[in-house]
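1. quick one: sequence and predicted model below, then my questions.
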Amino acid sequence: MKGAVGLRCGWDPSPIDAQAKWVRLNVGGTVFLTTRQTLCREQKSFLCRLCQGEELQLDRDETGAYLIDRDPTYFGPILNFLRHGKLVLDKDMAEEGILEEAEFYNIGPLIRIIKDRLEEKDYTVTQVPPKHVYRVLQCQEEELTQMVSTMSDGWRFEQLVNIGSCYSYGNEDQTEFLCVVSKELYNSPSGVSSEPSHKAKVRPTSLYPFSYCL
């Protein structure tokens with residue numbers, strides 16, 4: 001399925017018995033056909049209890065299918081999970097919707113998978129966005145090429161300013177520039193900054209004695 005996300009559960013589903021009895025389910029007006037063996041993958045689930053003949057006060061439609069008043073859109077992934085132990089979601093499906101249905105049908109392994117995914121997503125969202133560290137370098141015109149070739153470790157150019165000062169070196173005049181460079185400084189939720197240990201490899205004539213963060 002294009003654009004789908006797959007996750008596999010911990011248990012290893014066995015092949016479906018071709019001789020197993022078939023069960024028809026009418027979920028929110030959509031009919032699903034599956035086997036009793038599939039519905040009983042999770043022994044404590046609502047669907048397994050249904051196959052075991054427990055009194056769940058479910059009506060049947062004119063074809064004999066069990067009537068279940070739930071969203072059929074989210075029942076498909078749940079049924080497939082019981083078939084092969086893998087959660088496959090269309091890119092437009094909300095994990096919260098699958099979780100709600102998994103809790104209704106009481107499918108424990110699927111509930112744990114979705115909750116783990118949602119916790120991981122929440123952790124990513126709560127991470128502090130990176131700061132930008134800026135440094136101002138002063139160099140002469142002939143050193144620009146060398147500076148560009150030696151920048152490393154995440155540093156990049158932001159702005160080059162001609163400060164208009166000229167110095168004579170022999171018979172040549174050299175113009176001076178201010179070069180602004182930056183890199184991202186990541187902060188973990190604990191407040192500890194994360195930055196590579198190596199310094200930027202730059203060799204300007206002089207380095208202004210300040211850095212600042214935004």
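-> Arrived safely, thanks for sending. Numbering: from 1, shown residues only.
2. break this structure into its domains for me.
-> Listed by automatic domain parsing, the domain ranges of the chain are 5-126, 131-213.
3. hey, least reliable of those domains by pLDDT?
-> Sorting these by mean pLDDT places domain 131-213 lowest, at a mean of 65.
4. strand partners (parallel or antiparallel) of the top strand by length along the chain?
-> Counting residues, the longest strand found in the chain (DSSP state E) is strand 172-187. Strand 172-187 pairs in its sheet with strand 131-140 (antiparallel), strand 156-169 (antiparallel), strand 193-194 (antiparallel), by DSSP bridges.
5. what's the most buried one of those?
-> Among the strands paired with strand 172-187, strand 131-140 has the highest mean neighbour count (mean count of other C-beta atoms under 10 Å), at a mean of 18. Any C-beta I mention is one placed from the backbone N, CA and C, and that applies to glycine too.
6. list the buried residues of the helix or strand just after that strand.
-> Sequence order places helix 144-150 as the next helix or strand after strand 131-140, per DSSP states H and E. Residues of helix 144-150 classed as buried: residue 147 (neighbour count, 16 or more other C-beta atoms under 10 Å).
7. before we move on, the earlier item: ok, which of the strands paired with strand 172-187 comes nearest residue 64?
-> strand 193-194 (61.1 Å; C-beta to C-beta).
8. list the buried residues of the longest strand of the chain.
-> Applying 16+ other C-beta under 10 Å to strand 172-187 flags 174, 176, 177, 179, 181, 182, 183 as buried.
9. again with stretch 112-126
-> Residues 113, 114, 117 are the ones in stretch 112-126 that count as buried (16+ other C-beta under 10 Å).
10. again with stretch 57-70
-> So stretch 57-70, judged by 16+ other C-beta under 10 Å, has buried residues 65, 66, 68, 70.
11. what's the span of it, first residue to last?
-> 15 Å (C-alpha to C-alpha, to the nearest Å).
12. contacts for that stretch, please.
-> 23, 24, 25, 26, 27, 28, 31, 50, 75, 101, 104 (C-beta atoms under 8 Å, 6 or more residues apart in numbering).
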